[in-house]
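> Quick one, what's the 3D model for this:
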Amino acid sequence: MKVIIIGAGEVGYELAECIRRKDHDVIIVDRSERACKRARSLDVKVVKGNGARPELLNSLDIEEGNYFFAVTDDNEANLVSCAVAKAAGCRTIARINGLEYISKPISRRFSKIGVDYVVSPELLIAQKISDIIVMPSAIDTNLSMGGKINVLEFKVLQNSKIEGRKIKDIALPKQVNLGAIIRDNDVVVPHGDTVIQEGDTLIVMSQGKKARRQMLRLMGTRRSKIHRVMIIGATDIGINVAKLLEKRGIDVKLIENSPSRARSAAEILKNSEVIEGDAREKRILIEEGILRVDAFAASTASEEFNVLVCLLAKIYGVEKTIAVVRELGLKSLIETVGIDLAASPQLVTSRAMLRIARELNPLKAISFHGGDLYILETAVNEESRVVGKKLEDISLSDSCIIGAILRKGRTIIPRGTTRLLEGDQVMIFVMKEEIDNVEELF
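Modelled structure (predicted):
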């Protein structure tokens with residue numbers, strides 16, 4: 001397939017990197033020489049210029065294109081370029097920044113002017129953050145596969161029923177697959193004889209609330225409900241996280257330094273407490289109750305500040321902290337220093353667009369624990385070397401575990417006798433060094 005991407009920033013770069021892995025013909029366009037130079041490292045065709053100009057688009061033979069992504073920071077340029085591409089026969093997907101255009105994370109509002117789908121980074125990341133906050137032990141939620149699988153982490157406590165036991169002797173819930181163990185800041189790939197230790201963090205794929213409750217009982221703790229959340233920054237993201245949490249009956253306190261933004265937020269948020277104050281002052285945080293909150297999110301425009309204030313929240317004993325970051329290269333690094341989630345609007349946007357454009361069938365890679373561990377999502381096609389084989393007969397490395405399968409809308413937590421069929425969507429736990437080998441199999 002031929003894919004054209006307008007915008008070589010973080011979203012465009014991530015799209016190009018994922019799509020070109022499946023040998024699609026990718027063209028990426030950007031005005032910035034710096035962005036173009038970075039994109040050339042992906043071994044795709046790079047064109048420097050204004051992607052909203054019909055003359056430039058026509059020079060790319062867009063009538064031969066299958067998918068057209070417009071992901072620049074300029075909303076109007078994205079809409080205009082998509083309209084031109086649609087007239088040429090492309091399927092079009094546009095990024096829309098800000099909330100003045102759409103009220104849903106993914107919308108078809110502009111289909112009449114040639115944009116098949118528009119995607120809002122702010123609304124997408126707000127939804128993700130609110131889901132992470134309300135779900136105990138969650139590190140990610142609603143990973144692709146139709147939103148049917150959750151990846152959760154569970155801490156093994158002193159009174160756990162599984163501490164000191166081998167995995168093969170543990171009756172894990174049927175709808176749970178253990179993919180990795182974080183132990184003393186190292187990743188352990190679990191096998192039957194692996195002994196669970198106190199303090200281990202188990203990373204699992206889980207389907208359904210029942211399996212999650214069963215896992216929590218095994219860990220030696222009950223589900224702890226989120227009652228109070230503190231948010232720093234009355235940005236579009238911060239305000240929308242607060243709105244979503246309000247709907248779930250959670251007490252929200254939002255702190256904003258700017259008087260005008262604080263007033264605007266207070267007018268929008270009817271059931272949250274909005275405080276005008278500087279969160280850089282520890283006194284403000286303590287006075288406003290950081291010692292009593294269950295979760296903490298920093299969503300200011302400064303990712304450096306978001307990281308620092310989340311680290312401070314951890315020192316004060318907040319169980320779950322989330323920092324909004326925009327530079328994808330920092331995400332994995334940040335999650336290794338104690339912050340539970342580095343939430344990237346750019347990353348969730350690219351992933352949402354890839355879910356829409358499923359025919360591109362990219363191998364999507366989600367990194368955890370500083371990039372040592374990945375969760376890959378791919379599909380089995382007629383040319384895959386694994387099609388028709390049982391898992392126990394596939395030559396996977398010991399550092400790879402197939403965690404879940406989506407087959408005709410049904411989620412399967414597989415076992416060794418499970419056979420992979422054409423059309424299956426597969427999620428795989430894999431160590432970084434084995435990614436290329438897994439890609440060759442699929």
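
> residue boundaries of the helices in the stretch 151-300 of the chain?
209-218, 236-247, 259-268, 282-287 (DSSP state H, counting those that start in this stretch).

> What of the stretch 1-150 of the chain?
Going by DSSP H, counting those that start in this stretch, the stretch 1-150 of the chain shows helices at 10-20, 33-39, 54-59, 75-87, 121-134.

> which residues sit against the shortest one?
This means helix 54-59. 4, 29, 47, 49-51, 81, 84-85, 88 (Cβ atoms under 8 Å, 6 or more residues apart in numbering). Where C-beta positions appear, they are placed from N, C-alpha and C, glycine not excepted.

> hmm, 6 Å instead?
49, 84 (Cβ atoms under 6 Å, 6 or more residues apart in numbering).

> Report the buried residues of it.
56-57 (16 or more other Cβ atoms under 10 Å).

> Same question for the first one.
Of the residues in helix 10-20, 10-20 count as buried by neighbour count, 16+ other Cβ under 10 Å.

> Give me the helices and strands touching that helix, please.
In this structure, helix 10-20 packs against strand 2-6, strand 25-30, helix 345-356, with contacts taken as 3 or more Cβ pairs under 6 Å, 6 or more residues apart in numbering; DSSP states H and E.

> if you set the cut-off to 7 Å instead, what comes out?
Helices and strands touching helix 10-20, by 3 or more Cβ pairs under 7 Å, 6 or more residues apart in numbering; DSSP states H and E, are strand 2-6, strand 25-30, helix 33-39, helix 345-356.

> quick one: contacts for the residue positioned nearest the centre of the chain?
The C-alpha lying nearest the average C-alpha coordinate of the chain belongs to residue 348 (Cα atoms, centre = their mean; 4.8 Å). By Cβ atoms under 7 Å, 6 or more residues apart in numbering, the contact list for residue 348 reads 124-125, 128.

> Centre of this structure to the edge, which residue is at the far end?
The chain, Cα atoms, centre = their mean, max distance from centroid: residue 55 (35.7 Å).

> Which pLDDT value belongs to it?
pLDDT for residue 55: 93.

> Return the distance of it relative to residue 404.
Separation of residue 55 from residue 404 (Cβ to Cβ, to the nearest Å): 47 Å.

> so residue 384 is in which element?
Under the criterion DSSP states H and E, no helix or strand holds residue 384.

> Sketch out the low-pLDDT regions of this structure for me.
136-148, 221-224, 328-338, 358-359, 361-371 (pLDDT under 70).

> Start from the N-terminal end of the stretch 251-400 of the chain and give the strands.
Along the stretch 251-400 of the chain, the segments classed as strands by DSSP state E, counting those that start in this stretch run 251-256, 273-276, 295-298, 320-324, 341-343, 364-368, 373-379, 400-407.
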